[in-house]
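Chemist: Requesting a structural model of the entry that follows:
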Amino acid sequence: MSAPDLRILFVCTGNICRSPSAEGVFRHMLAAEGLSDRIAADSCGMAGYHVGEPPTRAAQRAAAARGYDLSALRARRFERPDVARFDLLLAMDAGHHAQLLRAAPGAAGERIALFLDAAPEVGRADVPDPYYGGADEYEYALDLIEAGCRGWIGRLRDRLGSG
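Modeler: Take a look at the predicted model:
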């Protein structure tokens, strides 16, 4: 099996809600589009609070209800070498975006974007953190994540020249 053409990293705070949900949804959508062999996805958190833990039960429940399986994912912390390892680093909110830009040397900052940049129709820049909320907050975050994933897959398909 050859290496993927593009490697995408989703970034949030602790890597147990938003970014693993984005990774799971994105991988599912890539498979449906036949792009799994061309685009790889991973996720991480800017903080190491939950390293090694699975996504929260609430995140897994919300995702499973929509057909996404997050059960194999485990939290990891962002590391500076991630900037070089990934072609695109997608921050789930403006705070993460700023942290990533500080970690990215020079022109590498051009490969860092806000996740919802690819979904202007949602009318917001940040995916709110559902961690302290209830099921409704997880559902809303998942709505935004699905929109963002659709937008990025469209942009990346165009970049790959496969559609």
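Chemist: Buried residues in the longest helix along the chain, which are they?
Modeler: Secondary structure of the chain read by DSSP state H shows that its longest helix is helix 135-160. With burial defined by 16 or more other CB atoms under 10 Å, the residues of helix 135-160 counted as buried are 137-139, 141-142, 144-153, 156-157. For glycine as for every other residue, the C-beta is placed from the backbone atoms N, C-alpha and C.
Chemist: counting contacts, what elements does it pack onto?
Modeler: strand 6-12, helix 18-33, strand 39-45, helix 57-65, strand 88-91 (3 or more CB pairs under 8 Å, 6 or more residues apart in numbering; DSSP states H and E).
Chemist: 6 Å instead?
Modeler: Applying 3 or more CB pairs under 6 Å, 6 or more residues apart in numbering; DSSP states H and E, one finds that helix 135-160 contacts helix 18-33, helix 57-65.
Chemist: Deepest-packed of those helices, please.
Modeler: Most buried of the helices and strands packed on helix 135-160 by mean neighbour count (mean count of other CB atoms under 10 Å) is helix 18-33; its value is a mean of 24.
Chemist: Contact partners for the nearest residue to residue 116 once chain neighbours are set aside?
Modeler: Leaving aside its sequence neighbours, residue 116 sits nearest to residue 148 (CB to CB, 6 or more residues apart in numbering; 5.2 Å). Neighbour list for residue 148: 115, 116, 118, 119 [criterion: CB atoms under 6 Å, 6 or more residues apart in numbering].
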